[in-house]
Structure formats: structure tokens, C-alpha cells
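> how does the following fold in three dimensions:
(chains A and B)
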Amino acid sequence: MDAALRALNRFGLGARPGERARLRDPRGWLKAQLEGGPPLVAPPAKGAPLAIRDAIRAYRQAGQANRIQQRSPQQTEPQQLRQERQVARRSLVEIVSAEATVSLEARVQSERPFVERLVAFWSNHLCISTAAKVLVVPLAGSYERDVIRPHVLGRFEDMVLASARHPAMLVYLDNFQSIGPNSRGAARRRGRGGRGLNENYARELLELHTLGVNGGYGQQDVEELAKILTGWTVTGLQDGAATFGFAFQNPLHEPGARSVLGARYSDGGVAQGEKVIRDLCRHPSTSRFVATKLVTHFVADDPPAPAIERVAQVFRNSEGDLRAVSTALVNLEEAWSPESKKFRTPQDWMVAALRALDVHEVGPMTVATMRQLRQPLWAPQAPKGFADSMQDWADPDALLNRAELARTLARRLRGNVDDPRTLLEAIDVPAADPLRALLADASIAATDRVALALAGPAFQWR
Amino acid sequence: MHRRTFVRNMCLGGLATFALPRVTFAQVKQAGRFVFVLLRGGFDGLAAVVPYGDPDYRALRGVMAFEDSDLVTLDDTFALAPGLAPFRELWEQQELVVLHAMAIPYRTRSHFDGQAILETGIDRPMGSADGWLNRLLQVMPGERSGIAIASGLPLSMTGPVEVRTWSPTQLGVVDDGYLDRLSVLYRSDRTLQGRFEAAIQQQATVGEELMAAQGARRDGVAPLMGATARILKQETGPNIAAIEFSGWDTHANQGLTGGALDRLLGQLAEGLVSFRTEMGSAWTNTTVVVMTEFGRTARPNGTRGTDHGTAGAGFLIGPKVARSTVFADWPGLSSAALFEGRDVKPTLDTRAVLKAAIAGTFDLTPAQADRVFPSSSAVPGAYDLMG
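Next up is the predicted model:
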């Protein structure tokens, strides 16, 4: 594969027509993308903070009305209440659909595709999931927009802290309901079937966001961290606050000094948590864990150890400066070696196909298709996010799904391609590959030839 | 994860091992069928198989204790959660072993580690990346093959023996010359070739009309279990299937009768019973095991849910079990009896059950079963469970 194609596919999201020919200095092109500000996007109208708040309130009110109704013996209009709840639920889904369109269009249109890849990578690393809780649904777009994008070229610890404070994460991993057992709030709630400590977020923060599962923490650290993070909750859900957002509520916070990974954290309210999160992000295990994931994502399923170490070192030396870390990825010789291959994840395959077909706008169908390809946007099955290896995605069934979808796309977008052979620009195929002959074979319908280019094995790799 | 080499044998219906040439086996069609159902997320054993007769149960579970009258009583100590009521039929037919206080051989509360241990069948993380079901395919005699009903190859099935995957195709079905031409293209890709051919073959085997006949929710438990049965019961069908369901990580509001978890349990039980019906006469040789990576905390957490714990429950189902029973060395629920003061104490190793299940289904010797679970010789198989 030539270096231009490697830059476009390996680090980017696939070539748009004409892009490969314009690209003179592949590494310089990638590094230039890292210059300048973060890749911010404007929220869709439905994703405005007040719109989200109102939709959530309507949904909760419909739910409460429903519960009250069920308790009363004379059920007057359960049908109507059910409908109200369905309508409220649909408006939550409309928010995430609008948000998903914005996010996917950014990927499909981007002139900085490497940066968009990084957005998707970090969004998956610190993932939330709309599949887990209804309340996450309207917040998922805001999460990527407000947590990931501003920090994707900034500092890792700022991104993790932003994620720790975002309602989507607080709800997804239950921290918003976690209450210190010895807090004033717990004392008040006792005897009322009150809530208490929930260690879900603390565990995933250690295992998935920072140190990694073998990063050297124990159950005691999980519990201590969970106690430190009590009181980190959301406002605007039950109280009358104007918007839905982060709040630290000291009455729910477990008082006292705590110890995590041998370090002592005196009780300073919200500052105690901020301090421990920054320390976790600076832990040597975190640099190795994050570097391993990045190198696995950009280089190979079997990440070469020296490459991991170089990236980890940059991560440590720069105190998690993600611009420097991303530059280090481009500088890895291993990333440019012809042997290393990565299988495109369903989302990356879909986006690359749309770019190759010169598509600029994506509709709701694209969002639905990602679900059919088993990688629905912002909806992984578990907090560890979507998998990233050939082994995980290249099962027989998936290849068939891509074959079928390629044909659907080709039928819909055939008009965007004058000559199917031009698609070879975006694909790494050797001179003798049968794809070249097939694309030139006028006895095959042009639609099928376009589909064959996208569904053939070469287009599955990056 | 290691990059693996797959060598595919295109003989009809059979997928041979990579390491051993086919001719070394007597080509006897293996009649046994085994299904490994993995509940990802750690399902709450105390909410599924309820120790209502344990003197500490009520105090420990508090607001999350079931009313006795809602439960399906099994014996003086244990009862099934209301959602599992469809299992009553299996119990009465002497086809249900209920497992409790069971855990993987390694103490972890991480989903990732726990599932890795359960799926690799070894006693520590990172020891081997191969799955135990793939080792079973290497060890068992006769014609055999495996299939994963999943959105990708699960760890339990990875290894040198090629395993098919299948999930309901949700996109339109294509036929004609397009797929033939695509097959030609895939022949030049050594990594993907076998996978694509397997897909084409699988599509032909199962048939598109299959899913057309299913209900609207194609990813529900019952439709997937029904499709699994149709694949397995074919004479040349696979012997071993891995299937998984998620949604069991109930940190909050897991509910009681009719609640969130109980509804999931209901779908599971209905799905398994419909699987049994769909298998028809092939059910005679079929065994199903249901397991999860860990149980959950014995006490409810502060959000009416439970956190990651240790020992939990599981099920061993099929006509080949000796008789219906609750198989548990019950440690009790007193504070002193809890593991680390918070979880049900493990007294049964998942591997003891799995070894018995596969030995009973495929007529394996204990030595063969031990090869499927390396370093498990100190944990004898619970062979008496199988008839």
C-alpha cells in the first residue's frame, strides 16, 4: 500500500474521490490535522440543553403518572398514559437521532479524518451506552460533543474529568445515585428504603478508563474510590434546576480521608475526587493501558511492544498531552509497515464506503444501518466499549451483512460514481487482483461493480 | 489476542481440526448436542434461585426479598424466581439441575476477567487465549463442528478449530451472480477466504425462510433459541453451540416479581423451553448449560440493585441429567458465611459441572474432560449429575 493510501485508510476514514491524488506528504498531512483547535461541532436544535431537559422531564412525568395510575384501583385511562410515555420516549430517541446524524456527518465530511478517528476512539474508550438506560439516550450526543471533542487534542486527564462530571456517564454507571453510607444524606434517608454506595463507576474508572484490569488495584481501592466519588451527581432531574447537569452534593458525600493505591486523600469535597482522578490518569499503568489500546487501534491486533512503549513514554513525558500522543502514533514506523493490517470496524467500513461514494449528508438510515452491522453509535453492550480486532468483527455473518449492504448502497448511490474503476483510487489492490478486471467488465451491471468494490476483501482492511 | 491461522475444510457439514488430519478419526456421526448459554454481565443468583428457606435470607435481602407465595418451590431451601416458572416443566420431567454457590475458579469482580475465565476454561486470566469449547471440538471423537450464535466469535469458541458464526441476517438477502463474484474476490484473501465461504454455506444451510418466519424481535431470546434449535437438529448440523445474552448487570432497580430482572429471567426460561420443543426428537441427546461470569453482592446496594459479587447460580438442562435436583453445597447467608463479608461463598467450581456435562453428552472419559479444562485435575467432575 502506498503511503498516501495508508494515511487515508490507516489513520483516516477512507479516501474521498480525488483525495489520494492530492496527497503529497502523507505524514505531514496527518500532523497538520492535529494543529489548530479541537474539532467542535454545533449541537442540533433538538440537542440544545433546554430541549434535552424538557424531553427528560416529560419522560419522567409520564413515567410517574403511569406508576401512580397503576397503584390506584380504578384504572381510568391506562391506554392514554401508555401513549404519553411512548410519545415522551420517542422524543428522547429523536434527540439521539439528530445527534447521531451530526456526529456521523462530521466523520463523513471531515477534512481532518484522523482527528475524527481520534474522536471515535476516545468516545469508545470512555464509552457510555444508550442501550443500558433510557436516560442516557438524550445525553449521548452531548457527551461526545462536550466531553470528547473539546479534549481530543488536549489533556487526557481533562477528558476523563469531563467524563466523570457529565450526566451521561453519571447516569450510565450509576454514580449519580451513589450515596456515602456515613453521609448526612444517608442518615436522613435511613428507614425510608434509602439508597447507598454504588461502586460501578469507580470500578470501571479503574479497570476501563485509566489503569486497566491488570493495573495493580484491588477491591479495597474500588471501594475507597467509590466513597470519594459519592456526591458527584446530576441536577435538573428531581430538583427545579434550570438545566440538566453536574452537581456536587456535599450532603451525599462520604466524609473523611481515603486511601487509593497507597496514596492518601484528605476530604476536600469535590476536590478529593478531582485529585484522585488526576492521579489515576498520571499513573504509569494508565500510560501503558492507553498506549496499548491506541497502538492496537492504529497499528495491529497484535500490538508490537516497542511501539506501545514509545507511545506510553510520550504519554508520560507529556503528562497525557493527546496532541503529542497522537503525533507519536504517526511517527511509529510500525504503523506504516506493509505487513500490519487492521480490519475495518463496521462503523469505519460504513463511513469509508460513504466517503468513497462521495456522500456528504447522512440520513437516519445510516444510523439504523450501523445497528444492523452490530455497531450502533453510542450503544455498546458493555462499559468496555466496542471491540477492536479482526477476530471480533470478521465473522462470516458480518462479511455477508457487508456484502448485502454494499449492494443496497450501490443501488442508492450509483449516480455518484461515473465509472466504477475510479473506486480503485481508494482501495489497496495489487496489480493482478481480480477486482481490477471485474470493475472493468462492462457485462456486469455497474451497480454490482460498485458493490463488489465495497464488499470485496480489500475494502475491509485499513 | 493472537492472530490465528484457520484452515478450512469444505467437506459437507463437517469442519475438521487444523492440527489433526481427519482420517485419524472414525467417521462416526456424533449424535450429542451441547449448548453453552452465557449470560454476560453477571446475573444475580440469589434473585434467580432464591434460598427462601435460609434463615438469613429475609434480613439480608431486605426490600429485595421475594414473597414466598410468588416463588416456584423446589425444596425446603430453594425456589425459582417467578420469571423462571416455565422451568417447572423441566423440573418435573427430571431434566433440570439447578446449580448454586457456584463460581469460576478465579476470584475477580471484573466482567472482563470473569468472562475470560469462564470462556477459556482455565483458572487464571491471561493463561491462554483459546476457548474451552474449541478445545472440546479438538478432544471429542466423531464428526463434530461448532457454531456461535453471536455477533462475532466469542472467546469460548476461539482456537484452531474453525467455528461458524450465525446471527439473524437483518439486511435484505442477495442471491445470483453477485455472491459468486464476491467469492472469487475473497479467494485472494487468505485471512478472510474461509470466513466468507463459511458465510455462504451457512446461509444455504439455514435458509432465509427461517428468519422470515420469526417474530418482529429477531434478537429476542426465544427467536434466537428457536433458530439455534433448527440449526442443531439437522442431521449434519453442528454439535456444539455457544449463545449469549446480555443485560444481567443489574446495578440498580432490578425489581422483584415482574420487575426488570424477573422479566429477563422469564424470557430466558421461555426461550429455553421453546428450544426444547423445537429440538423435537434431537432433544434426547441434548444438554444445555447456563452460566454467568459471577454472582452479585448478597446484600442489595444503595440503588435497589446489586454489585459485582462472587458465587452465583446456573442451570444444567437436558434428558441426559440423572434427575432434577438442586446441586449446591450451600454455605448459608449469615455474615460469617459470606465471602469477604459481601458475596455468596463459592463452594462449587464451574469446571466440575462443565466436565460432567460434556462427558455425559459426548461419552468422554474423565481424562478427556480434563484435557478440555487444563489444570483442573484437582477439581473432579461432578459426573453423578449425568445419567
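> helix, strand or coil: sort out the nearest residue to B:Asn253 once chain neighbours are set aside for me.
Distances taken as Cβ to Cβ, 6 or more residues apart in numbering or on different chains place B:Arg304 nearest to B:Asn253, at 5.1 Å, with adjacent residues excluded. Quick note: C-beta positions are derived from backbone N, CA and C, even for glycine. Secondary structure assignment for B:Arg304 (DSSP: H, G, I helix; E, B strand; the rest coil): coil.
> what about B:Arg304, how many residues close to it?
B:Arg304 has 21 neighbouring residues, counting by other Cβ atoms under 10 Å in any protein chain shown.
> next, find the distance separating it from A:Asn198.
10 Å (Cβ to Cβ, to the nearest Å).
> need the overlap of contacts for the two.
Common neighbours of B:Arg304 and A:Asn198, using Cβ atoms under 8 Å, 6 or more residues apart in numbering or on different chains, are B:Ala252.
> same question for stretch A:361-378, mean pLDDT?
Mean pLDDT, computed over stretch A:361-378, is 86.
> hmm, that stretch in reach of chain B?
Yes. Using Cβ under 8 Å from any Cβ of the partner chain, stretch A:361-378 reaches chain B at A:Gln372, A:Arg374.
> picking up where we left off before, model confidence for the residue nearest to B:Asn253, exactly?
pLDDT, B:Arg304: 89.
> how close does it sit to B:Leu348?
When B:Arg304 is compared with B:Leu348 (using Cβ to Cβ), they lie 28 Å apart.
> and if you look at B:Thr325?
Counting by Cβ to Cβ - B:Thr325 and B:Leu348 are separated by 13 Å.
> so between those two, which is more surrounded?
Neighbours were counted for B:Thr325 and for B:Leu348 using other Cβ under 10 Å; B:Leu348 has more, 21 against 18.
> and the more buried one, what does it touch?
B:Leu99, B:His100, B:Ala101, B:Met102, B:Ala103, B:Ala311, B:Phe327, B:Ala328, B:Asp329, B:Ala382.
> let me have those residues in CSV, extended by pLDDT.
Output for those, formatted as CSV (pLDDT from 0 to 100):
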residue, pLDDT
B:Leu99, 98
B:His100, 98
B:Ala101, 98
B:Met102, 98
B:Ala103, 98
B:Ala311, 97
B:Phe327, 97
B:Ala328, 97
B:Asp329, 96
B:Ala382, 97
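> okay, those in TSV with neighbour count, distance to A:Ala352 and secondary structure next?
Below are the contacts of B:Leu348 laid out as TSV (neighbours: other Cβ atoms under 10 Å in any protein chain shown; distance: Cβ to Cβ, whole Å; DSSP: H, G, I helix; E, B strand; the rest coil):
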residue	neighbour count	distance to A:Ala352	secondary structure
B:Leu99	26	47	strand
B:His100	26	49	strand
B:Ala101	24	50	strand
B:Met102	25	45	strand
B:Ala103	29	44	strand
B:Ala311	27	46	coil
B:Phe327	20	52	strand
B:Ala328	21	52	coil
B:Asp329	11	55	coil
B:Ala382	21	51	coil
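> now, the most widely separated pair of those residues?
B:Ala311 and B:Ala382 (15.3 Å; Cβ to Cβ).
> got the residues of the stretch 251-400 of chain A near chain B?
So far as Cβ under 8 Å from any Cβ goes, the stretch 251-400 of chain A lies against chain B at A:301-302, A:341, A:372, A:374, A:381-384, A:387, A:389-400.
> in ChimeraX, select just the buried ones from these.
Selection of the buried residues among those in ChimeraX, burial being defined by 16 or more other Cβ atoms under 10 Å in any protein chain shown:
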select /A:301,341,372,374,381,382,383,384,387,389,390,391,392,393,394,395,396,397,398,399,400
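> among the residues of the stretch 251-400 of chain A next to chain B, name the ones in strands.
Assigned to strands by DSSP state E, none of those qualify.
> measure the nearest residue to A:Pro44 once chain neighbours are set aside to chain B for me?
With sequence-adjacent residues excluded and distances taken as Cβ to Cβ, 6+ apart, A:Pro44 is closest to A:Ala98, at 3.9 Å. A:Ala98 is 24 Å from chain B, where distance means Cβ to the nearest Cβ, to the nearest Å.
> now do A:Ala98: how many residues are near it, please.
Count around A:Ala98 with other Cβ under 10 Å applied: 19.
> and A:Arg411, how far is that from B:Glu89?
A:Arg411 sits 48 Å away from B:Glu89, taking Cβ to Cβ as the criterion.
> same thing with A:Lys275?
57 Å.
> equivalent analysis for A:Glu94, please.
A:Glu94 is 43 Å from B:Glu89, by Cβ to Cβ.
> try B:Val184
51 Å.
> likewise A:Asp221?
For A:Asp221, the distance to B:Glu89 - Cβ to Cβ - is 46 Å.
> quick one: which of these two has more around it?
A:Asp221 (22 against 13).
> report the beta-bridge partners for B:Val97.
B:Leu316, B:Thr325 (DSSP bridges).
> can you read off the pLDDT for it?
The model's pLDDT for B:Val97 equals 98.
> name the residues of the lengthiest helix in chain A that are buried.
For chain A, the helix with the greatest residue count under DSSP state H is helix A:78-109. Residues A:81, A:84-85, A:88-89, A:91-92, A:94-109 are the ones in helix A:78-109 that count as buried (16+ other Cβ under 10 Å).
> all strands for chain A, in order.
A:232-235, A:245-248, A:258-260, A:263-265.
> deepest in the core, which of the ones you listed is it.
strand A:232-235 (a mean of 22; mean count of other Cβ atoms under 10 Å in any protein chain shown).
> just the C-alpha atoms of it, please, in PDB.
Below are the C-alpha coordinates for strand A:232-235, written out as PDB (Å, rounded to 0.1, in the frame of the first residue of the first chain):
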ATOM      1  CA  TRP A 232     -20.900  13.500  42.300                       C
ATOM      2  CA  THR A 233     -24.400  13.600  40.900                       C
ATOM      3  CA  VAL A 234     -26.700  15.300  38.500                       C
ATOM      4  CA  THR A 235     -29.000  18.300  38.900                       C
END
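> show me what it is packed against.
helix A:167-172, strand A:245-248 (3 or more Cβ pairs under 8 Å, 6 or more residues apart in numbering or on different chains; DSSP states H and E).
> again, only this time at 6 Å
In terms of contacts (3 or more Cβ pairs under 6 Å, 6 or more residues apart in numbering or on different chains; DSSP states H and E), strand A:232-235 is packed against strand A:245-248.
> same for the strand it packs on, what does it pack against?
Against strand A:245-248 (3+ Cβ pairs under 6 Å, 6+ apart) you get strand A:232-235.
> can you rerun that using 8 Å?
Counting by 3+ Cβ pairs under 8 Å, 6+ apart, strand A:245-248 packs on helix A:167-172, strand A:232-235.
> just put those in CSV and tack on mean pLDDT.
Formatted as CSV, the helices and strands packed on strand A:245-248 follow (pLDDT from 0 to 100):
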stretch, mean pLDDT
helix A:167-172, 96
strand A:232-235, 94
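> hey, which helix or strand in chain A has the poorest pLDDT?
helix A:49-71 (a mean of 77; mean pLDDT, DSSP states H and E).
> which stretches of the chain aren't confidently modelled?
In the absence of a named chain, this looks at chain A. A:1, A:65-79, A:190-195, A:238 (pLDDT under 70).
> sorry, I should have been clearer: chain B.
In chain B, residues with pLDDT under 70: B:1-29, B:125-129, B:151-152, B:168-176, B:202-219.
> could I have the CA atoms of stretch A:216-226 written out in PDB?
The C-alpha trace of stretch A:216-226 is given here as PDB (Å, rounded to 0.1, in the frame of the first residue of the first chain):
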ATOM      1  CA  GLY A 216      -2.500  -3.000  40.100                       C
ATOM      2  CA  TYR A 217      -5.600  -2.000  42.100                       C
ATOM      3  CA  GLY A 218      -7.700  -4.200  44.400                       C
ATOM      4  CA  GLN A 219     -11.200  -4.300  45.800                       C
ATOM      5  CA  GLN A 220     -10.300  -2.000  48.600                       C
ATOM      6  CA  ASP A 221      -9.200   0.700  46.100                       C
ATOM      7  CA  VAL A 222     -12.500   0.300  44.300                       C
ATOM      8  CA  GLU A 223     -14.500   0.800  47.400                       C
ATOM      9  CA  GLU A 224     -12.400   3.800  48.600                       C
ATOM     10  CA  LEU A 225     -12.700   5.400  45.200                       C
ATOM     11  CA  ALA A 226     -16.400   4.800  45.100                       C
END
